[in-house]
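Colleague: Provided below for reference: sequence and predicted model.
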Amino acid sequence: MSITAEEIATQPECWERAAGLIPEVAGSLPATGEKVAVVGCGTSWFMAQSYAVLRERAGRGVTDAFAASEFPYGRDYDRIVAITRSGTTTEVLELLRKVRGMRGTRGTVRTTAVIGDPDTPIVDLVDDLVVLDFADEKSVVQTRFATSVLALLRTHLGEDIAPAVADARRAIAEVLSPDLLGAEQFSFLGTGWSYGIALEAGLKMREAAGAWTESYPAMEYRHGPISITGPNRIAWVFGDLPEGLDGDVARTGGTLEASGTDPLADLIRVQRLAVAIAEANGLNPDTPRNLTRSVVLT
Ligand code: F1P
């Protein structure tokens, strides 16, 4: 079994452990009312996007998400939260160096890093640290670190993660359908916070399996992207299925995948699919093409 597959299977336990950290780390995470920017690169940026939607919906305060390289310096935030498994990603470190001691209208901007590896330079660049070292990975492609971050943040927003954990256990045990394994193309769709999950699903399939994937907000899919769907192609909806979308996909001859389970747990099915497709095509999911664990620019 690949290391990636082994790590994928540990997610339910990792999520429970992440949720259990909240009493210890709550003070390092955004307080209610703070105006927050969440930043990251790749998978970590997609988790930031999901968290931003969830935090605003929970009424905890304005929350924006940015790719670290696209941070809008000059905007007024109370806190910047950086998500990074490696703690070495150049764009994230550069951002944290630049915002050190920066003043907003309500005082000095605080910074938090949510990381997997505490033996990295990022620990000296932030005010507050949350370490999920138990979820760090040997695998280049991220699975359990990213989802554990979201499990932690969802719990901090007051959500009980137990139903998602139960869905995750089912997602790990489920047999993947041959239709999915043999599909030629995947359009991943989401609404609200599950749009970040759809982005991550697309990235995972590209990284691990070199698959042809696209990701859209579910209601945007009908505004053009649906023209890609057809026989042997999948439209995969995370979370709520927009009204009428089942009929629209059926008319294309494509296959709709909409489990209705927790979107974070449904992502596990995509992670497993990515590994299975990679292996079926003679690729090793542990050594993805053109990728390194972290992008360190010189
Ligand atoms: C971010 C990241 C990964 C991506 C690739 C390169 O890493 O972009 O999401 O899959 O491995 O690095 P990090 O900042 O979370 O360590």
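Modeller: Noted; the coordinates are in hand.
Colleague: Taking this protein, what residue is nearest to the ligand?
Modeller: G42 (2.4 Å; CB to the nearest ligand atom). From N, CA and C alone the C-beta is placed, and that goes for glycine too.
Colleague: List the contacts of G59.
Modeller: Neighbouring residues of G59 by CB atoms under 8 Å, 6 or more residues apart in numbering: T32.
Colleague: and R222, how many neighbours?
Modeller: For R222, the neighbour count with other CB atoms under 10 Å is 15.
Colleague: typed the wrong thing, it's K138
Modeller: 10.
Colleague: swap in E184?
Modeller: Other residues near E184 number 11, with proximity taken as other CB under 10 Å.
Colleague: what residues does the chain put near the ligand?
Modeller: Applying CB under 6 Å from any ligand atom, we find that the chain lies next to the ligand at 40-44, 84-86, 89, 92, 140-142, 207, 291, 293-295.
Colleague: Filter these down to the buried ones.
Modeller: When those are checked for burial by 16 or more other CB atoms under 10 Å, the buried set is 40-44, 84-86, 89, 92, 140-142, 207, 293-294.
Colleague: Filter the residues you listed down to just the ones in strands.
Modeller: Cross-referencing those against strands under DSSP state E gives 40, 84.
Colleague: Pull the contacting residues for A113.
Modeller: 81-84, 87, 96, 122-123, 125-126, 128-130.
Colleague: Now secondary structure and pLDDT too, for these, in JSON lines please.
Modeller: JSON lines is the format used below for those (DSSP: H, G, I helix; E, B strand; the rest coil; pLDDT from 0 to 100):
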{"residue": "V81", "secondary structure": "strand", "pLDDT": "98"}
{"residue": "A82", "secondary structure": "strand", "pLDDT": "98"}
{"residue": "I83", "secondary structure": "strand", "pLDDT": "98"}
{"residue": "T84", "secondary structure": "strand", "pLDDT": "98"}
{"residue": "G87", "secondary structure": "coil", "pLDDT": "96"}
{"residue": "L96", "secondary structure": "helix", "pLDDT": "98"}
{"residue": "I122", "secondary structure": "helix", "pLDDT": "97"}
{"residue": "V123", "secondary structure": "helix", "pLDDT": "97"}
{"residue": "L125", "secondary structure": "coil", "pLDDT": "97"}
{"residue": "V126", "secondary structure": "coil", "pLDDT": "98"}
{"residue": "D128", "secondary structure": "strand", "pLDDT": "98"}
{"residue": "L129", "secondary structure": "strand", "pLDDT": "98"}
{"residue": "V130", "secondary structure": "strand", "pLDDT": "98"}
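Colleague: Just among the residues you listed, which is most surrounded?
Modeller: Counting by other CB under 10 Å, I83 has the largest number of neighbours within these, with 31 neighbours.
Colleague: how's the chain carved up into domains?
Modeller: Using automatic domain parsing, the domain ranges for the chain come out as 3-156, 162-280.
Colleague: what about these, which gets the closest to D286?
Modeller: domain 3-156 (5.1 Å; CB to CB).
Colleague: Could you find the closest non-adjacent residue to G190?
Modeller: If you skip the residues right next to it in sequence, G190 has A198 as its closest partner in space, 3.6 Å away by CB to CB, 6 or more residues apart in numbering.
Colleague: Does that neighbour touch F238 like I think?
Modeller: Yes - counting by CB atoms under 8 Å, A198 touches F238, with 5.4 Å between them.
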